[in-house]
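*Asks:* need the 3D shape of this:
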Amino acid sequence: MILVFGGTTEGRRAAEVLEEAGSPFFYSTKTGEQDISLHYGQRIDGAMDAEAMRSFCKEHEIRLIVDAAHPFASQLHQTIAEMVLPVIRYERIYPPRDEDITWIDDYSQVPTDIHTLLATTGVQSISKLKWLEAKGVKVVYRILNRESSIVLAHQQGATDKQLCFFPDVVKADAVLMKESGLSGGFLEKVEEARKLGMKIYAIKRPQSTQKEPSLLCTCDGPHGLRRAVEKLLPEFFPLHSGLTTGTCATAAAIAATARLTKGETPAEVPVILPDGETINVAVGYGDGYAYCIKEAGDDPDVTNGIEVRARAQLSDQFEIVGGEGVGRFTLPGFDYPPGEAAINKGPREMMRKNVDAEVRITISIPQGEEIARRTFNPRLGIEGGISIIGVSGIVKPFSEEAFIDSIRKCMTVAKASGADRVVINSGAKSERFLKSLYPNLPQQAFVQYGNYIGETLRMAADLQIPNITLGVMLGKAVKLAAGHLDTHSRKTTMDLDFIRQMLKEAGVNIDISDITLARELWDRIPAGEIQPFCNVVITRCLNLCQPLLPQGQLVILLIDDDGTIYSLSQEHPQGR
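*Replies:* Now for the predicted structure:
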């Protein structure tokens, strides 16, 4: 069993990750005031001292603790450290310390030559700033507008005139804030203060001085947390995650550059993923190159176990080239033109972000050409090897039965969240675009169907979810419109004749005989004719999907590669 200490954004994210496993766990907060929906997790509230925590862990057979508590909760971190259990510390991501901010170690270092100070450091800090009031400084405390916070503020001696509530801002000479990281809105608070011309004082986050657990690892994002849980408590997740070839190439590039520029050969290197979190990846070294072994987890991937190599050479600019076993694009429609190495945009950006040097990186995969014959690359016009891909940097395990079961769990959690709409989507990219359209929906209301559109809609019907939005990108949409509720490439491919039929129905007259990917249509179709084509595609998808949701309302949104979202125009009524 796992015990999570939360009450924070990190705690919420940790719970979301653990919910994916479908295994029970405990989620603990101090006050019980965090709004969080749990299906498999059991919530417990109230502060624990060392004795209470030790007793709870023994009674409930806790084998792993996830410490996602606030970075300034020093006493809780200390108590957790005293438990003889493995601990995962879920850290926040912190921006570099701005030199224009005055950094202090504690409340005693706030200067007294301030007329008015706005303190955004939380209700618990009021008593720690009373000495400033005694020195004649006018202090205004910005706190959460909830009864418990107001009561505590009064207990610590604050008057109603001294209180203001988030997100209100009071003009002051200076503002005092905590180094609360990106998830704590630190940058937004700094920008807000600068617009008002206030001097900024920031209390540095506490440095760990307490006794550390014997088995402590850290993460700063959901992927890192899942991988840490898989390592420390392997049975918690039924299937384990892996790394994309893009992450492996990035890790090898980092290691090769460190060896070239610093003479260092670390066994692991930190890799910043596209979502901003950092994970450590194992690497090795050969004659003039570094390598990373592709780890697919429980995903049945033909590239599992391959060696992804990187050579680094000094150059007058940063560049990435493909070597042995890396395919080349021979047809248009990809991120890069024909002739370029088949290294997608995502992995290239990862390497640029992670390698801070002017070097020429050559990526090679000794077994790549042979393995590529067992993939769809030849059909897509990628020749000579495999492609380096990956949007999130992490491979979630794919097993048909297990994947469908995980969707069912996610849909159940989405229903339990109380959201009035569930948004189903194919993956990380489309989900990111759709979240901007539904900013008020909780994270649990977004469910990834992968390729199993039909299965997911049937689950929605079984769960009696009243409103479903189905977000789909064009590659899957043309397959769905043709009647394929499972859009995996192993079961169905793009039907050019059917696409020609839809184009004709939309009144679009273009030649598509040479396209290899459906997304090329976005560039081929004249701008003024895109909406009519989208109407045809969406209507055909609705005709297929709506009967699966007989008691619910279904909205289908078509998403292009840049995130533009197309819905059915009112001039084109929905089919049934």
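
*Asks:* and the contacts of stretch 388-396?
*Replies:* Residues outside stretch 388-396 that contact it (CB atoms under 8 Å, 6 or more residues apart in numbering) are 223, 226-227, 241-247, 249-250, 271, 273-275, 279, 296-297, 299, 301, 308, 322, 326, 341-344, 346-347, 350, 363, 427-429. C-beta here means a position set from N, CA and C on the backbone, and glycine is covered the same way.

*Asks:* now list the buried members of the residues you listed.
*Replies:* Buried members of these, counted by 16 or more other CB atoms under 10 Å: 223, 226-227, 241-247, 249-250, 271, 273-274, 279, 296-297, 299, 301, 308, 322, 326, 341-344, 346-347, 350, 363, 427, 429.

*Asks:* count the residues that sit near Tyr438.
*Replies:* Neighbour count of Tyr438, defined by other CB atoms under 10 Å: 15.

*Asks:* residue contacts, it?
*Replies:* If you count contacts by CB under 8 Å, 6+ apart, Tyr438 has them with 421, 423, 445, 469.

*Asks:* quick check: phi and psi on the closest residue to the first one other than its chain neighbours?
*Replies:* Read that as Arg421. Nearest non-adjacent residue to Arg421, counting by CB to CB, 6 or more residues apart in numbering: Asn467, 4.2 Å away. Reported as degrees, to the nearest 10, the phi and psi values for Asn467 are phi -130, psi 120.

*Asks:* what segments of the stretch 351-500 of the chain are strands?
*Replies:* Remark: strands assigned in the stretch 351-500 of the chain by DSSP state E, counting those that start in this stretch are 359-364, 382-383, 394-395, 422-425, 446-448, 467-473.

*Asks:* what separates the last one from the chain centre, distance-wise?
*Replies:* Using CA atoms, centre = their mean, to the nearest Å, the mean C-alpha position of strand 467-473 is found 20 Å from that of the whole chain.

*Asks:* check which residues of that strand are buried.
*Replies:* In strand 467-473, counting by 16+ other CB under 10 Å, buried: 468-473.

*Asks:* just to revisit the earlier point, ok, which pair from the contacts of Tyr438 is furthest apart?
*Replies:* Ala445 and Thr469 (9.5 Å; CB to CB).

*Asks:* so what's in contact with the two at the same time?
*Replies:* Jointly contacting Ala445 and Thr469 under the rule CB under 8 Å, 6+ apart are 421-423, 438.

*Asks:* which one (most neighbours) among those residues?
*Replies:* Ranked by neighbour count (other CB under 10 Å), the shared contacts of Ala445 and Thr469 have Val422 at the top, with 27 neighbours.

*Asks:* mind listing what that residue touches?
*Replies:* Applying CB under 8 Å, 6+ apart, we find Val422 in contact with 411, 414-415, 445-447, 460, 465, 467-469.

*Asks:* now render these as CSV, adding distance to Asp562 and pLDDT.
*Replies:* Listed next are the contacts of Val422 as CSV, based on distance: CB to CB, whole Å; pLDDT from 0 to 100:
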residue, distance to Asp562, pLDDT
Met411, 29, 85
Ala414, 27, 83
Lys415, 32, 85
Ala445, 24, 88
Phe446, 20, 90
Val447, 23, 89
Ala460, 28, 92
Ile465, 30, 92
Asn467, 26, 94
Ile468, 25, 95
Thr469, 19, 95
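
*Asks:* ok, Gly427 touching Gln448?
*Replies:* Yes: the pair Gly427 / Gln448 is scored as a contact, 5.6 Å apart, by CB atoms under 8 Å.

*Asks:* which stretches in the stretch 251-400 of the chain count as helices?
*Replies:* Using DSSP state H, counting those that start in this stretch, the helices of the stretch 251-400 of the chain run over 345-354, 368-372, 377-380, 400-416.

*Asks:* just the helices in the stretch 451-576 of the chain please.
*Replies:* With DSSP H, counting those that start in this stretch as the definition, the stretch 451-576 of the chain shows helices at residue ranges 453-462, 474-481, 496-506, 521-524, 530-545.

*Asks:* widest-spaced pair of the shared contacts of Ala445 and Thr469?
*Replies:* Farthest pair in the shared contacts of Ala445 and Thr469, by CB to CB: Val422 and Tyr438, 10.1 Å.

*Asks:* first to last residue in stretch 72-90, what's the distance?
*Replies:* Start-to-end span of stretch 72-90 (CA to CA, to the nearest Å) is 13 Å.

*Asks:* kind regards, and thank you for your time.
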